[in-house]
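> got a structure for you, letters missing:
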């Protein structure tokens, strides 16, 4: 067993942002949006993008980026090449590292992560762009979030190059390797829990609408390979903004939230129809799902997500205790593969992982028994 890294151990145990936080989720939104995260993409002026830069240039980028990070303070830096696979999985589970990290030959040594112990704010270095600033925000969209966008930019007019180290075009704004990122250089991403649309078989309609509206709609991928439970069973999806040319960053955010609102409204209506028309059957299925979470010696991650989905839906509809939403969102992260391996200090074989997960879920629900029963 490896010696535990204090920073990584603290990050694995840090609180999780979740959509049941009534301080940030509108009362009319039954926890459909779990979290929103903001990405700001920045590249240094005069240096090629990582995809086309030789390793020595990536080293220069890393040096400049780490110097900026050191001046900002409060973030701990890790070189991604030094992190074992279980740590990389944990970072993806916490929505810090992208689900599909891109590895360019000869440049892996110059990729870094800087993150706070709570995992709310982070900076990626040489992960496609020179620097990617990220922030997780709990719950659904609201005007209050516009003030939460990470203020990583120096003071001054962004059109005056003397005020900024970033690559900037008067015509296109911030320059990025992906054309969809130019302009204000941000992307808005939300994780949505849509069990009502899954149960009513309306997910294809939601996908078609969002595609036409310019919002990507992707299932939240399970960390393992084939499983008996698919994305619709978990009801968890990623919604991503696409393009921002001609907009400022507030405009990108407002456009994204406006376009996803019809899907959230459709989800609320689908949940309410399920409750009103099939109340007894829905209640029975929720109780069976809760018993699956607490009454099995082995618990696959896909099975856990599928069982949690209906229970979370019941909490959002007031059929079960509302606190269950937050408890199960924490378990979605804490009982995932990478977190279990990091907290155990070693890789776990599949059966051992499922056994450990079952015990973690039971213990966690028992510790929160006052909130869930």
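Looks like it arrived, so ask away. This one's a predicted model, so the numbers in the text were calculated from it and none came from an experiment. Numbers count the residues shown, from 1 in each chain.
> Just give the number of residues close to residue 251.
Using other Cβ atoms under 10 Å, residue 251 has 13 neighbouring residues. Where you see a C-beta, it was placed from the backbone N, CA and C, and this is true even at glycine.
> How much space separates it from residue 334?
Plainly put, residue 251 is 36 Å away from residue 334 if you go by Cβ to Cβ, to the nearest Å.
> Repeat that for residue 119.
12 Å.
> Surely residue 217 forms part of a strand?
Yes. Residue 217 forms part of a strand when assessed by DSSP: H, G, I helix; E, B strand; the rest coil.
> Would you check how far apart it and residue 110 are?
Applying Cβ to Cβ to residue 217 and residue 110 gives a distance of 33 Å.
> can you check residue 263 too?
With Cβ to Cβ as the criterion, residue 263 and residue 110 are 39 Å apart.
> And this structure, what are its domain boundaries?
Taking automatic domain parsing as the criterion, the chain consists of the domains 6-152+163-273, 278-367.
> Save these as CSV, and put in mean pLDDT too.
CSV is the format used below for these (pLDDT from 0 to 100):
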stretch, mean pLDDT
domain 6-152+163-273, 82
domain 278-367, 90
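> my read: residue 316 touches residue 270, true?
No. Taking contacts as Cβ atoms under 8 Å, residue 316 lies outside contact range of residue 270: 11.8 Å.
> Which one's more surrounded, the two?
Set side by side, residue 316 and residue 270 show more neighbours around residue 316, with 26 against 21, by other Cβ under 10 Å.
> got the phi/psi numbers for that one?
phi -70, psi -30 (degrees, to the nearest 10).
> can you list contacts of stretch 94-103?
Contacts to stretch 94-103, defined as Cβ atoms under 8 Å, 6 or more residues apart in numbering, come from residues 11, 14, 16, 35, 37, 80, 88, 91-92, 113, 115, 119, 122, 124, 127-128, 134, 136, 191, 221, 333.
> Figure out the length between the terminal residues of that stretch.
Using Cα to Cα, to the nearest Å, one end of stretch 94-103 lies 20 Å from the other.
> Which residues belonging to it are considered buried?
94, 95, 96, 97, 98 (16 or more other Cβ atoms under 10 Å).
> out of those residues, who's nearest residue 41?
Ranked by distance to residue 41 (Cβ to Cβ), the buried residues of stretch 94-103 are led by residue 98 at 11.9 Å.
> Would you mind giving the secondary structure of that closest one?
coil.
> Could you tell me which of the contacts of stretch 94-103 belong to strands?
Secondary structure from DSSP state E places 35, 37, 113, 115, 122, 124, 127, 134, 136, 191 of the contacts of stretch 94-103 in strands.
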